[in-house]
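what would the 3D arrangement of this be:
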Amino acid sequence: RDDSGRHSPEYWGNFIPQIVTQAVMRFTKKGETVLDGFLGLGTTLIECRRQGRNGVGVELVPWVASRANWFVNLEPSDEGVTTRVIEGDSRLSETGDKVRVALHECGTEQAHLLVLHPPYHDIIRFSDLAGDLSGAASEADFYDMFEQVVANCSPLLAEGRYLVLVIGDKYAGGEWLPLGFRSMERVYKHGYILKSICVKD
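Numbers count the residues shown, from 1 in each chain. As a prediction, this is how the structure comes out:
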């Protein structure tokens with residue numbers, strides 16, 4: 001785990017910065033814009049600032065969004081990039097409208113990379129908010145809610161560009177539940193094709 005700069009491991013379920021760094025460097029160029037639909041404490045936007053990319057992140061939980069904004073703005077950047085943290089539910093059209101405004105502030109109409117790192121269903125309960133995927137009543141409801149995020153965010157991604165899904169599976173009741181594969185099936189329904197699967201042990 002890269003813990004340099006403004007990265008903080010204090011929030012449950014955040015991913016290691018190296019994951020988003022690889023995605024940003026492989027799939028975008030300097031000056032392009034990354035959209036993160038499940039921002040958490042701001043890992044993606046911190047890396048955007050470090051790599052010379054603009055970044056827009058959506059976080060559902062108000063106090064987490066506020067803290068993410070603080071961390072992101074403390075990360076220095078000599079690249080003249082723009083980063084925006086939006087408090088909102090990534091499933092909702094009104095949040096999409098806020099993202100469009102933020103993208104415009106980044107100098108583009110659509111993002112050049114979409115990063116989605118949803119909760120791993122109910123492994124960690126992040127909040128009691130209605131839009132929190134970690135509070136989904138069932139595994140089926142979790143996939144339905146996740147697909148709403150994909151449907152809302154996909155029009156914000158430029159044609160021909162990449163969506164990166166970062167998700168873990170879970171083990172419950174003596175059964176392995178492949179959340180990753182089942183979530184990818186929901187992504188397929190929105191016109192994507194699979195380019196690769198990267199497994200982190």
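
who does the longest helix seen in the chain touch, helix- and strand-wise?
When the chain is parsed with DSSP state H, its longest helix is helix 139-153. Secondary-structure packing of helix 139-153 (3 or more C-beta pairs under 8 Å, 6 or more residues apart in numbering; DSSP states H and E): helix 93-105, strand 111-116, helix 179-188. Just so you know, the C-beta spots here come from the backbone N, C-alpha and C atoms, and that holds for glycine as well.

let's see it at 10 Å
On a contact count with 3 or more C-beta pairs under 10 Å, 6 or more residues apart in numbering; DSSP states H and E, helix 139-153 meets strand 54-59, helix 93-105, strand 111-116, strand 157-165, helix 179-188.

pick the most buried one from the ones you listed.
Of the helices and strands packed on helix 139-153, the one with the most neighbours on average (mean count of other C-beta atoms under 10 Å) is strand 54-59, at a mean of 28.

measure P76 to N54 for me?
With distances taken as C-beta to C-beta, to the nearest Å, P76 is found 15 Å from N54.

residues contacting the closest residue to H117 other than its chain neighbours?
Nearest non-adjacent residue to H117, counting by C-beta to C-beta, 6 or more residues apart in numbering: V166, 4.2 Å away. When contacts are counted by C-beta atoms under 10 Å, 6 or more residues apart in numbering, V166 is found next to 15-16, 19-20, 23, 36, 38, 44, 115-118, 180, 198, 200.

counting only helices, which of the residues you listed make the cut?
Mapping the contacts of V166 onto helices (DSSP H) picks out I19, V20, A23, T44, G180.
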